[in-house]
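**Q** just to be clear, the model below is a prediction. Sequence and coordinates:
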Amino acid sequence: MGYTIDFEPHRFDGTTYEGIDSFSREPATCLTNNPLTPEEVEAVHAVLRRASGGGPDERGTYHVTLEDGLSVRFFAGGLPRGCVLAIDGFTAPLSLAKLVFDLLVAGGWVLRGVATSGESIAHTLDSVRGTRGTFGPTVVVESAEDLQFILAHGLVAWQQEQRGFGGQPRWK
């Protein structure tokens, strides 16, 4: 048992296509979401090779055991369009947050499925180009420690922590 974190590029250039809405499964006009660049894909693979000590298995999955023994699997077969990190457990140690943050930065991704109230998480607002009005708010985290706090205690607790120290949460 455990949980997953979805990594998605959010690079909307304003163009649209006729497709299927991912939520309603009805025909819809959809925004074009551009994939990671080849350089970003290589940067993501480099982070994963360092963490796993090798390459992916035959299905494109990296198996990583973190320094504290937590086991994670990164399903990279869908790169550069998106991928999933599966965590085998319910803890959020700093070693996990460092890996997730390194992947977040390497791919310029947006994390989905982390905040229970629907917010996305990015390391820079450049990661959410062209998304204004198309998704819920995006929280910008600047360190693995911020991300660990969110993973361990939730987004609301992190926002309260930020405000308690005179900081302002950074929202899209």
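**A** The structure has been received and is ready for your questions.

**Q** need the contact partners of the particular helix or strand that has Q148 in it.
**A** Taking DSSP states H and E as the definition, one finds Q148 inside helix 144-153. For helix 144-153, the surrounding residues in contact (C-beta atoms under 8 Å, 6 or more residues apart in numbering) are 91-94, 96-98, 100-102, 104, 114-115, 121, 139, 141, 157-158, 161. Where you see a C-beta, it was placed from the backbone N, CA and C, and this is true even at glycine.

**Q** now the buried members of these.
**A** 92-94, 96-98, 100-102, 104, 114-115, 121, 139, 141, 158 (16 or more other C-beta atoms under 10 Å).

**Q** okay, the closest residue to L111 other than its chain neighbours and V141: tell me how far apart.
**A** Distances taken as C-beta to C-beta, 6 or more residues apart in numbering put I121 closest to L111, at 4.1 Å, once the chain neighbours are dropped. Remark: distance between I121 and V141 (C-beta to C-beta, to the nearest Å) = 6 Å.

**Q** for V47, same thing?
**A** Counting by C-beta to C-beta, the gap from V47 to V141 is 17 Å.

**Q** again, but for I150
**A** 7 Å.

**Q** got it, and G108?
**A** Distance of G108 to V141, given as C-beta to C-beta: 14 Å.

**Q** which neighbours do these two share?
**A** In terms of C-beta under 8 Å, 6+ apart, G108 and V141 are both contacted by the residues H123.

**Q** rewinding a little: what residues are shared contacts of I150 and V141?
**A** Common neighbours of I150 and V141 (C-beta under 8 Å, 6+ apart) are I121.

**Q** rewinding a little: what residues are up against the residue nearest to L111?
**A** I121 neighbours (C-beta under 8 Å, 6+ apart): L104, V110, L111, V114, A115, T138, V139, V140, V141, L147, I150.

**Q** format these as a markdown table; extra columns: secondary structure and distance to E40.
**A** Output for the contacts of I121, formatted as a markdown table (DSSP: H, G, I helix; E, B strand; the rest coil; distance: C-beta to C-beta, whole Å):
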| residue | secondary structure | distance to E40 |
| --- | --- | --- |
| L104 | helix | 11 |
| V110 | strand | 13 |
| L111 | strand | 15 |
| V114 | coil | 20 |
| A115 | coil | 23 |
| T138 | strand | 18 |
| V139 | strand | 21 |
| V140 | strand | 18 |
| V141 | coil | 18 |
| L147 | helix | 19 |
| I150 | helix | 23 |
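
**Q** format those residues as TSV; extra columns: pLDDT and distance to F7.
**A** Converted to TSV, the contacts of I121 look like this (pLDDT from 0 to 100; distance: C-beta to C-beta, whole Å):
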residue	pLDDT	distance to F7
L104	93	7
V110	87	8
L111	88	6
V114	74	10
A115	64	14
T138	77	14
V139	82	15
V140	86	16
V141	89	14
L147	90	13
I150	86	15
